[in-house]
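Asker: fold the following and give me the result.
(one chain, ligands or ions: 3)
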Amino acid sequence: MTNTADNGENKNMSNINNVKDISKIKEQIQDSLKEDINTIYYFSGTGNSYYVARELAKRLENTENTENKGNEDNEDNEDNKTKEIVYNKLDISNLKNTRIISIANELKNRNIINNSDKIIFIYPVYGFGIPEIVERFINRINIKNPQVNVYSIATCGKMPGGVHYHINKLLNKKGIELKAGYTLKMPNNYILAFNPPSAQDVNHMLDNTDVDILKLSVLIRNNRENTAKDSLFGKLSSDVLYPFWKKGLYKFDEKFKISKDCNLCGICEKICPVNNIEIIDNENLEYNDRIIFKHKCQECLSCIQTCPVRAISYGNSNKKRRYFNPRVKINELIEANTKTKNN
Ligand SMILES: Cc1cc2nc3c(=O)[nH]c(=O)nc-3n(C[C@H](O)[C@H](O)[C@H](O)COP(=O)(O)O)c2cc1C
Ligand code: SF4
Ligand code: SF4
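Answerer: Ligands and ions are numbered 1, 2, ... in the order given. Next up is the predicted model:
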């Protein structure tokens with residue numbers, strides 16, 4: 001009896017083991033075939049960071065089912081040039097692997113939950129740090145996947161300061177370590193201090209950005225780590241300079257001035273990523289009172305840069321050239337900033 005019972009039990013066990021083994025193998029095969037689901041969260045005032053988000057999303061897409069299989073380790077070969085053409089034609093509203101989400105828009109949701117395999121934050125450098133809205137967003141997001149790989153991509157004029165250190169510090173509070181941080185030098189939009197580069201230089205810089213994005217996509221696909229988060233200067237600028245910069249942030253818009261050239265076209269109201277601008281259509285009001293700034297400004301400068309008649313100035317300075325990424329249409333950024341996840 002005992003033996004029979006034992007035999008029967010063992011037989012059953014071995015059946016169960018087989019089933020378990022097979023389903024485990026199936027799981028492993030499925031895992032190896034599984035394509036990573038990526039979420040790109042971006043914040044962008046004048047289009048640089050949005051441009052990187054848009055182009056990176058295309059290059060993270062799996063195009064293996066197309067006939068163009070380039071060698072990703074060498075971005076110069078002919079195969080990859082063909083592959084680039086395929087990427088450029090991809091419709092970003094219809095990508096399988098990657099969602100692009102506006103941080104400003106997502107913050108309107110009560111719960112911000114993410115289950116992706118990879119999360120990529122893309123944003124401009126402000127005052128050697130990250131935009132305040134990005135800090136607030138990372139504090140709010142609920143990251144569900146314990147195996148997630150998180151990346152930080154900053155676009156800047158020249159000096160990124162401590163952005164990756166800062167993002168890692170925020171992630172650490174959630175028990176997550178930043179996988180890698182990358183910084184892309186792009187046309188500087190800080191027109192309160194500098195003139196942006198000439199149109200020709202901008203074009204040249206953006207061609208270089210394209211090469212950087214392709215390289216980045218390979219590094220991210222291959223889950224490469226780096227130590228950008230460990231910079232000592234990063235620690236100094238994030239812990240000392242950044243709080244100082246943040247203190248004056250919400251008062252920044254008190255110095256905006258509107259000139260009599262304003263024709264109430266509404267572009268500034270629409271482009272403002274944080275709905276900080278409201279237009280009062282009342283001709284009896286003074287020019288300055290027709291446009292209201294609501295003191296939740298992020299200093300992105302996109303209202304100044306996109307006003308078609310240069311009617312917005314900051315303080316007394318209105319002399320610098322304007323900048324908006326020429327490879328992004330103003331309406332495209334407005335739409336992307338207000339798009340919800342399901343449309
Ligand atoms: C308020 C403000 C502060 C900035 N601070 C820095 C900085 O500290 N270091 C830097 O290299 N660039 C700085 N920049 C330049 C932007 O980071 C850079 O042009 C960025 O690519 C703009 O991205 P966007 O077009 O997505 O808004 C600053 C720009 C603004 C508007
Ligand atoms: S974009 Fe310029 S012209 Fe248009 S409403 Fe704003 S300030 Fe006025
Ligand atoms: S008010 Fe102007 S500078 Fe401030 S967040 Fe809006 S668009 Fe950017």
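Asker: could I get the pLDDT score of the nearest residue to I291 once chain neighbours are set aside?
Answerer: Among residues not flanking I291 along the chain, I258 sits closest, at 4.9 Å (Cβ to Cβ, 6 or more residues apart in numbering). C-beta: built from backbone N, CA, C; applies to glycine. Among the per-residue scores, I258 holds a pLDDT of 93.
Asker: mind checking how far I258 is from L214?
Answerer: Per Cβ to Cβ, to the nearest Å, I258 is found 42 Å from L214.
Asker: now N282
Answerer: Using Cβ to Cβ, one gets 51 Å for the distance from N282 to L214.
Asker: now do L232
Answerer: Relative to L214, L232 is positioned 30 Å away (Cβ to Cβ).
Asker: domain-wise, how is this structure divided?
Answerer: 1-34, 36-246, 249-338 (automatic domain parsing).
Asker: looking at L232 and L214, which one has more neighbours?
Answerer: L214 (20 against 9; other Cβ atoms under 10 Å).
Asker: hang on, that one is in a strand, isn't it?
Answerer: No: looking at L214 with DSSP: H, G, I helix; E, B strand; the rest coil, it is helix, so not inside a strand.
Asker: that one contacts R59, doesn't it?
Answerer: Yes: between L214 and R59 there is a contact at 6.1 Å, judged by Cβ atoms under 8 Å.
Asker: pull up the residues of the stretch 51-200 of the chain that are close to ligand 1.
Answerer: Residues of the stretch 51-200 of the chain lying close to ligand 1 (Cβ under 6 Å from any ligand atom) are 124-128, 155-161, 186, 188-190.
Asker: now, these that are in strands?
Answerer: Judged by DSSP state E, strands contain the following of these: P124, T155, C156.
Asker: output the below-cut-off pLDDT ranges for the stretch 51-200 of the chain.
Answerer: Applying pLDDT under 70 to the stretch 51-200 of the chain flags the ranges 62-86, 89.
Asker: the strands in it, which residues?
Answerer: 98-102, 113-114, 118-124, 142-143, 149-156, 178-185 (DSSP state E, counting those that start in this stretch).
Asker: could you dump those to TSV with mean neighbour count?
Answerer: Converted to TSV, the strands of the stretch 51-200 of the chain look like this (neighbours: other Cβ atoms under 10 Å):
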stretch	mean neighbour count
strand 98-102	20
strand 113-114	14
strand 118-124	27
strand 142-143	14
strand 149-156	25
strand 178-185	21
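Asker: hang on, isn't Y42 packed against E55?
Answerer: No: applying Cβ under 8 Å as the test, Y42 and E55 come out as separate, 11.5 Å apart.
Asker: which of the domains of the chain sits most buried?
Answerer: The highest average neighbour count among those, using mean count of other Cβ atoms under 10 Å, belongs to domain 36-246 at a mean of 18.
Asker: element containing L206?
Answerer: Following DSSP states H and E, one finds L206 within helix 199-221.
Asker: so that helix versus strand 118-124, what angle?
Answerer: Counting by axes from the mean of the first three to the mean of the last three Cα atoms, to 10 degrees, helix 199-221 lies at 160 degrees to strand 118-124.
Asker: quick one: list the elements packing against helix 199-221.
Answerer: Judged by 3 or more Cβ pairs under 8 Å, 6 or more residues apart in numbering; DSSP states H and E, helix 199-221 is in contact with helix 48-60, strand 178-185.
Asker: try it again with 10 Å
Answerer: helix 48-60, helix 78-89, strand 118-124, strand 149-156, strand 178-185 (3 or more Cβ pairs under 10 Å, 6 or more residues apart in numbering; DSSP states H and E).
Asker: what's the mean pLDDT across whatever helix or strand comes next after it?
Answerer: Following helix 199-221 in sequence order, the next helix or strand is helix 232-236 (DSSP H and E). When pLDDT is averaged along helix 232-236, the result is 82.
Asker: you'd agree I334 is up against I267?
Answerer: Yes: distance between I334 and I267: 8.5 Å, which falls inside the contact criterion (Cβ atoms under 10 Å).
Asker: what touches both of the two?
Answerer: Common neighbours of I334 and I267, counting by Cβ atoms under 10 Å, 6 or more residues apart in numbering, are S302, T306.
Asker: without its sequence neighbours, what residue ends up closest to Y50?
Answerer: S44 (3.9 Å).
Asker: quick one: contacts for the one you found?
Answerer: 50-54, 102-104, 122-124, 131, 155, 273, 300, 302, 325, 328, 333, 336-337 are the contacts of S44 under Cβ under 10 Å, 6+ apart.
Asker: again, only using 7 Å
Answerer: Y50, P124, L333 (Cβ atoms under 7 Å, 6 or more residues apart in numbering).
Asker: so what's the second one bridging to?
Answerer: Right, P124. For P124, the beta-bridge partners are T155 (DSSP bridges).
Asker: since that was my last question, I'll sign off now.
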